[in-house]
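**Q** Have a look; sequence and predicted model below, questions after that.
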Amino acid sequence: LILSKNVKPNKIKVLNITPIEKSQNSNSIEKKNQLLFIINFFEENYKGLDFILGLSKFIPKNYKIVIIGRKLSAEKLKEFKSNVINFGYIMGDRLNNLYRTSKILLIPTFCTEAFGRAIIESIMNKTLVISSPNCGANYYFKDKDFIKIVSIKTSLWIKAIKETLQNPYKITDEDVNLVYELFSMQKCKEDFLALIQDILK
């Protein structure tokens, strides 16, 4: 996108923003003994896949870590198959259902990440989050009870998972509304246009 003084903000149309839905109606969904981890094909190194696989050995015996977004090789999963369920790329209702039925979303990102949209999607589906300090979304939610921000050290994550499972915070409709107000399509559009107007002053 190239901007100049001749561009009128009211002529700008914001494209390619995935809208945040108002509510995912997760009140009646039963949580399963599973933790969720999301990875894309090209993100293995910095998203923390190996960290998650190692962590899977220390979660409660009746729990699984569900890994979605990339189908892993049998060789990669060989020593973790009793602790991990792996799906390839999924989307839509099936993805939302995995958010809703999981007890915690795990985001052990190693490198600085501009935002971390999965955090928003998880909260909208009333699922708690444990994240490394490297996601931009933590700036908005660092004082909220629905997310724990934990340095990337296995012992600290084991402790955070145990504490969260033993004493889970219940995400409220007010929490969901807060996320919606911050990150709805309309809010993103308004913020973007305000930024352009400020640039063009």
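**A** Now that the structure is in, tell me what you want to look at. Residues are numbered from 1 along each chain as shown.

**Q** what residues are up against the closest residue to Pro133 other than its chain neighbours?
**A** Using C-beta to C-beta, 6 or more residues apart in numbering and skipping the chain neighbours, the partner closest in space to Pro133 is Ile149 (5.5 Å). (C-beta placed from N, C-alpha, C; glycine too.) Residues near Ile149 by C-beta atoms under 8 Å, 6 or more residues apart in numbering: 131-133, 138, 142.

**Q** Retrieve the pLDDT associated with Ile149.
**A** Looking at Ile149, its pLDDT stands at 94.

**Q** Okay, buried residues for the helix or strand harbouring Leu178 please.
**A** In the assignment (DSSP states H and E), Leu178 maps to helix 173-183. Within helix 173-183, the residues that count as buried by 16 or more other C-beta atoms under 10 Å are 175-176, 178-180, 183.

**Q** which secondary element of the chain has the worst mean pLDDT?
**A** helix 44-47 (a mean of 69; mean pLDDT, DSSP states H and E).

**Q** Pull the residues that contact the helix or strand just after that one.
**A** Once the chain leaves helix 44-47, the next helix or strand it forms, by DSSP H and E, is helix 49-55. The contact list for helix 49-55 (C-beta under 8 Å, 6+ apart) reads 37, 39, 44, 65, 67, 76-77, 80, 84, 106, 108, 110, 152, 154, 157-158, 161.

**Q** Just the buried ones from the residues you listed?
**A** 37, 39, 65, 67, 77, 80, 84, 106, 108, 157, 161.

**Q** What pLDDT is listed against the last one?
**A** Looking at Ile161, its pLDDT reads 97.

**Q** cool, the second one as well?
**A** For Ile39, the pLDDT comes out at 87.

**Q** again with the third one
**A** The predicted local distance difference test score for Ile65 is 97.

**Q** you'd agree it is in a strand?
**A** Yes. Applying DSSP: H, G, I helix; E, B strand; the rest coil, one finds Ile65 inside a strand.

**Q** hang on, it packs against Ile104?
**A** No. Assessed by C-beta atoms under 8 Å, Ile65 is found out of contact with Ile104, at 9.6 Å.

**Q** Spit out the residues that contact these two alike.
**A** 35-36.

**Q** about what we covered before: by contact count, what packs against the helix holding Leu178?
**A** Counting contacts by 3 or more C-beta pairs under 8 Å, 6 or more residues apart in numbering; DSSP states H and E, helix 173-183 is packed against helix 117-124.
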